[in-house]
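J.: Starting from these lines, generate the structure:
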Amino acid sequence: MKDKKRVYLIDEVRGLCIILVVIYHLYYSLAVVFRRGDFAKAYQTMRIWQPILPAAFILISGISFHLSRSNVKRGIKLLLISILITTTLGLVIPDQIIWFGIIHFLAIVNIVFGLLKKYIDRIPVWCIFIFAFLFLLTYNVHRGYLGIEGILSYKLPEFFYLTDFTAPLGFYSSTFYSADYCPVLPWVFMFLIGTILGRCVENLPDILSEMHIKPLAFVGRHTLIIYLTHQPIIVGILYLITQKS
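T.: Next comes the predicted model:
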């Protein structure tokens, strides 16, 4: 997509999301890593963002997928980055290792769906309701059941959860741990919803496609580098502050 046709509203929303992620991880570091009890309550309140922010990022990524012609290339880039993330954390901070986080997930869907893009673009718009239903149906797969607990749920067979090899899909054993976890189920359906919404974005009024908040759009265009670097920077700054106090 040429820059003159760029939908800056997407950049601005993405920029807002990454700012919220940085704030969330700041309070996480204060409350959990540095054990500052005075920030614990605020962090617990912010945990409501935990499912919302990944959903927003994945939805936006699905929209961007429809608007881009280089999805496979982007997916390969993200795959290499995700391998580097897992390797680095495994060597430096093994108790915070990420086996299949949001970067891993976006790498896989961009590669796989990028190769199948001509078919993805043919999915009828009304399928957005099916994908929304499937997202809700599989949202608790990693907890061992389909559906919504307390309303309508179905416990899945225990043999689904005997190995960690299927963790990328949402099935893992009781010993599995990943500091960031974004399995294919249910998030692939949120991504597919985004690809359909991407068709609507193409027809947005000009006022919504134009840039409104330049700094926010700038942040949104550099989300990946901010995502990769913000946590080490936060921890490093807080460490220096606590050492001096």
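
J.: Where do the strands of this structure begin and end?
T.: For the chain, the strands defined by DSSP state E cover 145-148, 152-155.

J.: which of those has the lowest average pLDDT?
T.: When the strands of the chain are compared by mean pLDDT, strand 152-155 comes last with a mean of 87.

J.: list the buried ones in it?
T.: Residues of strand 152-155 include none that count as buried (16 or more other Cβ atoms under 10 Å). No exception for glycine: its C-beta is placed from N, CA and C like everyone else's.

J.: And the lowest mean pLDDT element among the helices and strands of this protein?
T.: The least trusted helix or strand in the chain, going by mean pLDDT, DSSP states H and E, turns out to be helix 206-209, with a mean of 67.

J.: I'd assumed residue 11 was in contact with residue 221.
T.: Yes. If you go by Cβ atoms under 8 Å, residue 221 and residue 11 touch, sitting 5.3 Å apart.

J.: quick one: which of the two has more around it?
T.: residue 11 (23 against 16; other Cβ atoms under 10 Å).

J.: residues touching the more buried one, list them.
T.: Residue 11 makes contact with 211, 216, 217, 218, 220, 221, according to Cβ atoms under 8 Å, 6 or more residues apart in numbering.

J.: For the fourth one, which non-adjacent residue is spatially closest?
T.: Leaving out its chain neighbours, the residue that sits closest to residue 218 by Cβ to Cβ, 6 or more residues apart in numbering is residue 15, at 7.3 Å.

J.: Near the one you found, how many other residues are there?
T.: Count around residue 15 with other Cβ under 10 Å applied: 22.
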